[in-house]
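Asks: sequence below, structure please.
(one chain, ligands or ions: 3)
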Amino acid sequence: MKKIKSFNKVLNLWCVSKITPALFLASIMSLPAQAEITCPFGYVLVPGNSELGTVDFCVMKYEAKAHKDRNANALVDLDEIRTNGCDRSGSSCEGGSHNWGLADHKPVSVPQGIPWRKISRDKAAHECQSLGEDYYLISNVEWQTVARNIELVSENWSENQVGKGCLNQGNVSVDSDCSYNGRGPEPGARIAATHLLSNGETISDFSGNVWEWVSDDNNQKQGGNAYIASQPSVKSKYGPSGNYSCNSQNRYCGLGYGYTDYSAGAVRRGGSWFNLDFAGVFAVGLDHVPSYSNHVVGFRCVFRPESHLAPLPADYTE
Ligand SMILES: [Ca+2]
Ligand SMILES: [Ca+2]
Ligand SMILES: [Ca+2]
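Replies: Ligands and ions are numbered 1, 2, ... in the order given. Presented below is the predicted three-dimensional model:
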């Protein structure tokens, strides 16, 4: 629909302008590619959600990994990905109070290495923006756009029907119909850690593995800690679009738990490999300040172009 509208716009402009046929043809041929977003390497396209007020954007397919261009060839060589996402050893980064090398590491989306952890919300946002114009830490409404898309794809549910069984939770320390025990943080290459989007793309570890910061602030308690959809105000901001009968007896349907009785400032989503039944694509934690860092919290960047419209050639109009 968008393409057809754009085509008519081009046609109308051609009729009233003095553009040459050759340039006109060139503009038509280049229009479809320009009218849609071309996602950066390692990112997948997410369809916008009009109810949430979002348009199409790109998101990292994997939780962010730390890359240092050691051989200075401006390419991501796989042996340049940090195998452990923090500055010390083991899944809990024992002894490491700071993340290493912010200045010479950049976040990348690849299925190698353990997610970049021990990084605060504010530093994660800075790292995403360091990638260039239109790169940001994912926002809460973008998180919701991905999570609600996942929710409505039948293949993501254990009984292959939306609302039946449980939504896949990934790596959450327990083996069940909708989760598994990875015994620590993982790179994200496992099929069992992925979700399918409505456009056929897949995204890894959106539930579990490591919690992920979103860019929003939260400075008020949103209600008691509970299943993510048990309070209307929490559900509208952090929960699913559908109404499901979920509770601790059925693992909250794999949707997630809300640690919402806090007003510390930062917002994290999805749960971690520590979180058992409490993890899920809608899980949320409001319990930490933006400067906090921890070995169970990572992040994910988005590519959000300001405009979806193909730019007109310079001599298009008089
Ligand atoms: Ca390199
Ligand atoms: Ca950096
Ligand atoms: Ca995650």
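Asks: please point out which parts of stretch 260-276 sit buried.
Replies: 260, 262, 264-276 (16 or more other CB atoms under 10 Å). For every residue, glycine as well, the C-beta is placed using N, CA and C.
Asks: what's the answer for stretch 195-209, then?
Replies: For stretch 195-209, by 16+ other CB under 10 Å, it's 195-197, 201, 203-209.
Asks: before we move on, the earlier item: narrow the buried residues of stretch 260-276 to those in helices?
Replies: Judged by DSSP state H, helices contain none of the buried residues of stretch 260-276.
Asks: just these that are near ligand 1?
Replies: Among the buried residues of stretch 260-276, no residue lies close to ligand 1 (CB under 5 Å from the ion).
Asks: for the spatially closest residue to Lys123 that is not a sequence neighbour, give me the pLDDT.
Replies: Leaving aside its sequence neighbours, Lys123 sits nearest to Leu102 (CB to CB, 6 or more residues apart in numbering; 6.3 Å). Note on Leu102: pLDDT of 81.
Asks: ok, now which ones touch Leu102?
Replies: 119, 123, 126-127 (CB atoms under 8 Å, 6 or more residues apart in numbering).
Asks: can I get the CA coordinates of the top strand by length along the chain in PDB?
Replies: For the chain, the strand with the greatest residue count under DSSP state E is strand 211-218. As requested, the backbone C-alpha atoms of strand 211-218 are provided in PDB (Å, rounded to 0.1, in the frame of the first residue of the first chain):
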ATOM      1  CA  TRP A 211      17.800  -9.100  31.200                       C
ATOM      2  CA  GLU A 212      17.900  -6.200  28.800                       C
ATOM      3  CA  TRP A 213      17.800  -2.500  29.600                       C
ATOM      4  CA  VAL A 214      15.300  -0.300  27.800                       C
ATOM      5  CA  SER A 215      15.900   3.400  27.400                       C
ATOM      6  CA  ASP A 216      12.900   4.600  29.400                       C
ATOM      7  CA  ASP A 217      12.900   6.100  32.900                       C
ATOM      8  CA  ASN A 218      10.400   4.900  35.500                       C
END
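Asks: helices and strands around that strand, which ones?
Replies: helix 121-129, strand 135-137, helix 140-151, strand 265-269, strand 297-298 (3 or more CB pairs under 8 Å, 6 or more residues apart in numbering; DSSP states H and E).
Asks: for the ones you listed, which one sits closest to ligand 2?
Replies: helix 121-129 (5.1 Å; CB to the ion).
Asks: check whether Gln222 really touches Gly258, as I assumed.
Replies: Yes: in this structure, Gln222 is within contact of Gly258 by CB atoms under 8 Å, at 7.3 Å.
Asks: tell me how far the residue of the stretch 151-300 of the chain found nearest ligand 1 lies from His105.
Replies: Nearest residue of the stretch 151-300 of the chain to ligand 1: Pro187, at 18.6 Å (CB to the ion). Counting by CB to CB, to the nearest Å, the gap from Pro187 to His105 is 17 Å.
Asks: and Asn49, by the same measure?
Replies: 32 Å.
Asks: before we move on, what about Cys39?
Replies: 22 Å.
Asks: ok, now Tyr252?
Replies: Taking CB to CB, one finds Tyr252 at 35 Å from His105.
Asks: check Val281 too.
Replies: From Val281 to His105 the distance is 27 Å (CB to CB).
Asks: so which of the two has more stuff around it?
Replies: Val281 (30 against 21; other CB atoms under 10 Å).
Asks: OK, contacts around Thr194?
Replies: Contacts of Thr194 (CB under 8 Å, 6+ apart): 168, 170, 202-205.
Asks: and the residue of the stretch 151-300 of the chain closest to ligand 1, what element?
Replies: For Pro187, there is no helix or strand it lies in under DSSP states H and E.
Asks: look at it and say how many residues are nearby.
Replies: So Pro187, with other CB under 10 Å, has 22 neighbours.
Asks: that one reaches Ile114, doesn't it?
Replies: Yes: contact criterion CB under 8 Å: Pro187 and Ile114 qualify, at 6.4 Å.
Asks: shared neighbours, the two?
Replies: With CB under 8 Å, 6+ apart as the test, Pro187 and Ile114 both reach Lys65.
Asks: against Tyr259, how distant is Ser272?
Replies: Counting by CB to CB, the gap from Ser272 to Tyr259 is 12 Å.
Asks: who's in contact with Glu186?
Replies: Taking CB under 8 Å, 6+ apart as the test, what Glu186 contacts is 114, 171, 193, 205, 209, 273.
Asks: try it again with 7 Å
Replies: Glu186 sits next to 171, 193, 209 when contact means CB atoms under 7 Å, 6 or more residues apart in numbering.
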